[in-house]
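>>> here is a sequence with its predicted model. Questions after.
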Amino acid sequence: RPFVVDFMKQIGQANRRVLATDEWLRVRECDDVYAVGDCATINQRRVMEDISEIFRVADKDKSGTLTVKEIQDILEDIYVRYPQVKLYMKSKQLNGIADLIRTGKGDTEKESVELSIEEFKKALSLVDSQVKNLPATAQGCCTARTVSCDVL
């Protein structure tokens, strides 16, 4: 643990209990440094961090709005990258994308809906409330390029 504590101070994570990593176990703010186990936690990516990019990718016809079909076309990818979307929909008893869209636009006709970026943001604004950091689970290990060290 002293190694991890010293390392955390060096990279500006001193106020944490464990190293913060992304979903690929890369230590936040450190290129080529990975951490797993008791010394690390995985921070799930937030939907609102990427909302503009999600909107851009979904807007296949470049109309500046999203239809139900455009959202449905990328929904499975969103579920994989942002599992909190599926959890949110389940916790709010939303049966599908049309129900989610209603939270952003109000009462809607199923196929004729077109959402602006602001309405899309509104529909997904509470999704990140479902995000929980995954706990540290095993003996820790940090690896920087080819140098590795076990931290027990």
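Structure received. Quantities reported herein were computed from a predicted structural model and do not represent experimental measurements.
>>> what does the lengthiest helix in the chain rub up against?
Counting residues, the longest helix found in the chain (DSSP state H) is helix 68-81. Helix 68-81 is contacted from outside by 45, 47, 54, 57-61, 85-86, 97-98, 101, 110-111, 113, 115, using C-beta atoms under 8 Å, 6 or more residues apart in numbering. C-betas here are computed from N, CA, C, even on glycine.
>>> could you do stretch 119-131 as well?
Residues outside stretch 119-131 that contact it (C-beta under 8 Å, 6+ apart): 44, 46-48, 51, 54-55, 66, 82, 84-85, 87-88, 91, 100-101, 103-105, 115.
>>> ranges for the strands of the protein?
Using DSSP state E, the strands of the chain run over residues 19-21, 33-36, 40-42, 66-67, 114-115, 140-144, 147-151.
>>> would you single out the least confident of the ones you listed?
For the strands of the chain, mean pLDDT drops lowest on strand 147-151, to a mean of 43.
>>> pull the helix or strand with minimum mean pLDDT from the chain.
strand 147-151 (a mean of 43; mean pLDDT, DSSP states H and E).
>>> which of the contacts of helix 68-81 are buried?
By neighbour count, with 16 or more other C-beta atoms under 10 Å, the contacts of helix 68-81 hold 45, 47, 54, 58, 59, 85, 86, 97, 98, 101, 113, 115 as buried.
>>> list the contacts of residue 43.
Counted by C-beta under 8 Å, 6+ apart, residue 43 has contacts 20, 21, 22, 23, 28, 133.
>>> still on that earlier bit, farthest pair within the buried ones among the contacts of helix 68-81?
45 and 113 (26.3 Å; C-beta to C-beta).
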